[in-house]
Structure formats: C-alpha cells, structure tokens
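Trainee: Sharing a sequence plus its predicted fold:
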Amino acid sequence: MENERLDEIGLKHNTDKASCHHDYLKKYQKYLPFDRKDSLRVLEIGVLEGASVKTWADWFYNAEIIGLDRNPACKKTEQDRIKIEIGNQADKNFLNYLTNKYKQFNFIVDDGSHLPDDVIASFEHLFPNLVSGGIYCIEDTCTSYWTEYDGGLLQSHTHIEYFKRLIDEVNFYGVYAPEPYSPTVRRDSVLMEYEKKRNHIYLGMDIESILFTNSMVIISKR
C-alpha cells in the first residue's frame with residue numbers, strides 16, 4: 001500500500017482529479033507536506049458522487065474526511081471515516097456550525113461551486129480554522145476567467161485576482177523592519193510583531209506561501 005501512488009488511487013475511484021481528467025493528484029503528491037499515515041482532518045467542499053472523498057480516505061488511511069455539499073443525496077457517501085455535511089459553502093451560519101463541530105482542519109480542498117463570491121467567502125471563514133502547517137487548496141481556478149462562472153480575465157472581483165492580491169499581504173506590503181533592525185530585514189517574526197504593534201492585522205500574516213499552478217491555488221498556513 002505504501003508504494004501506491006495517489007494518482008493510482010484516484011483512478012481506482014474514478015475521480016476527475018486523477019490523470020484521466022484534470023491530473024491534479026500528481027501535483028498534490030508533489031506539494032502536500034503530509035505523510036499518508038498522519039492522523040489528519042480533511043475537509044473537501046464539493047462531494048458529487050464521492051469519488052474524491054473516497055480517494056482522500058484511501059490515501060490518508062488514518063484521516064477523518066469531511067465532505068461538504070448542498071445536495072442531501074451526497075449523504076449516501078458516508079462510511080467509516082467519511083462524514084458528509086449538507087449546506088452552502090458561503091452560508092456563514094452553516095460554516096459556523098461546521099467550525100464549531102470540527103474545530104480545526106489540516107487540509108481543506110475547495111472543489112465546490114467555483115463561483116468567486118463562494119470561493120472567497122469559504123476561504124475567509126475557514127482559513128482561520130486551518131492548523132499551523134495546514135494546506136488550503138482551491139481547485140479549478142480556470143473558472144475565474146470564464147463568464148459563465150461570473151469570471152473574466154483581470155476582473156478584480158474574481159478569486160484568482162483575490163489570491164494575487166494576497167501576495168502583497170504575504171510580503172507585509174513591503175514594510176521596512178523597525179529599529180533596531182536594518183530596514184531591509186525580512187524576518188517574518190520581526191515584521192509580524194511590528195505590524196501588530198501598529199494595529200495592522202490582516203489575513204495574509206498567517207500565510208506562509210501561496211503557490212499558483214495551472215487551475216489550482218495552494219495556500220500554506222504559517
């Protein structure tokens with residue numbers, strides 16, 4: 001089992017994340033920092049027929065997998081370590097229920113509606129409940145460019161532009177380090193403390209990195 005590749009498991013379950021379609025799983029295996037044996041809490045937005053949550057359950061064989069979907073029929077996917085919650089990914093009351101129930105997550109995947117407002121709302125609400133060292137991934141970000149998903153190239157309201165703007169926060173807006181440090185010091189701990197003293201608190205301070213790859217954005221929690 002340990003020699004099995006993530007894509008092989010995805011192909012077995014026929015998820016569109018596998019090389020039969022999007023070919024995302026090879027990227028996940030490359031960039032995810034987790035071991036297969038880790039006891040993780042994984043949240044995936046978007047269940048559909050359950051192929052993806054079953055893939056994660058097989059790959060992370062000690063993990064708890066929570067799937068979120070608006071369709072009550074997705075409840076049929078529940079089994080063993082897979083739990084399904086029914087609700088809207090942009091509904092604050094539902095997201096509050098979710099975070100109150102599960103507290104924290106190690107890995108969150110947004111494969112839901114792919115609409116800009118929904119993607120951004122879910123991220124802003126759920127990212128604070130990601131553990132340090134956790135990963136938040138948004139899939140199919142190509143939809144950010146498509147008008148049928150309320151997208152468009154370089155349109156400021158889209159989720160791809162939102163995550164581009166977050167890069168400025170990851171860089172602390174280029175602020176100089178305070179005395180007694182050299183202004184060019186770029187140590188995270190120094191810059192965070194300085195910004196907090198100035199009452200400049202923003203989401204990007206908790207982001208270690210943002211990786212952009214074709215149709216995916218992968219965010220690492222500091």
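Mentor: Great, that's in hand.
Trainee: use CA for all of it now, contacts and neighbours both
Mentor: OK.
Trainee: distance between the longest strand anywhere in the chain and the chain's centre?
Mentor: The single longest strand within the chain, with elements called by DSSP state E, is strand 130-139. In terms of Cα atoms, centre = their mean, to the nearest Å, the gap separating the centre of strand 130-139 from the centre of its chain is 5 Å.
Trainee: List the neighbouring strands of it plus their orientation.
Mentor: strand 105-110 (parallel), strand 216-221 (antiparallel) (DSSP bridges).
Trainee: which SS class is the residue in the chain sticking out farthest from the centre?
Mentor: Within the chain, the residue lying farthest from the chain centre (Cα atoms, centre = their mean) is P180, at 37.1 Å. Under DSSP: H, G, I helix; E, B strand; the rest coil, P180 falls in the coil class.
Trainee: So which bits of the lowest-mean-pLDDT helix or strand in the chain are buried?
Mentor: Here the helix or strand of the chain ranked lowest by mean pLDDT, DSSP states H and E is helix 188-197, holding a mean of 94. Residues of helix 188-197 classed as buried: 188, 191-192, 194-195 (neighbour count, 16 or more other Cα atoms under 10 Å).
Trainee: Put the alpha carbons of it into CSV.
Mentor: Taking Å, rounded to 0.1, in the frame of the first residue of the first chain, the C-alpha atoms of helix 188-197 are listed here in CSV:
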residue,chain,number,x,y,z
ASP,A,188,8.7,37.1,9.4
SER,A,189,8.6,37.3,13.2
VAL,A,190,10.0,40.8,13.3
LEU,A,191,7.6,42.1,10.6
MET,A,192,4.6,40.5,12.2
GLU,A,193,5.4,41.9,15.6
TYR,A,194,5.9,45.4,14.1
GLU,A,195,2.6,45.2,12.2
LYS,A,196,0.7,44.1,15.2
LYS,A,197,2.1,47.0,17.2
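Trainee: hmm, back to that, for the strands paired with strand 130-139, state which one has the densest average packing.
Mentor: strand 105-110 (a mean of 22; mean count of other Cα atoms under 10 Å).
Trainee: any low-confidence regions in the chain?
Mentor: 1-3 (pLDDT under 70).
Trainee: residue contacts, the residue nearest to the spatial centre of the chain?
Mentor: Among the residues of the chain, the one closest to the centroid is Y136, at 2.1 Å (Cα atoms, centre = their mean). By Cα atoms under 8 Å, 6 or more residues apart in numbering, the residues touching Y136 are 107-110, 127, 130, 218-221.
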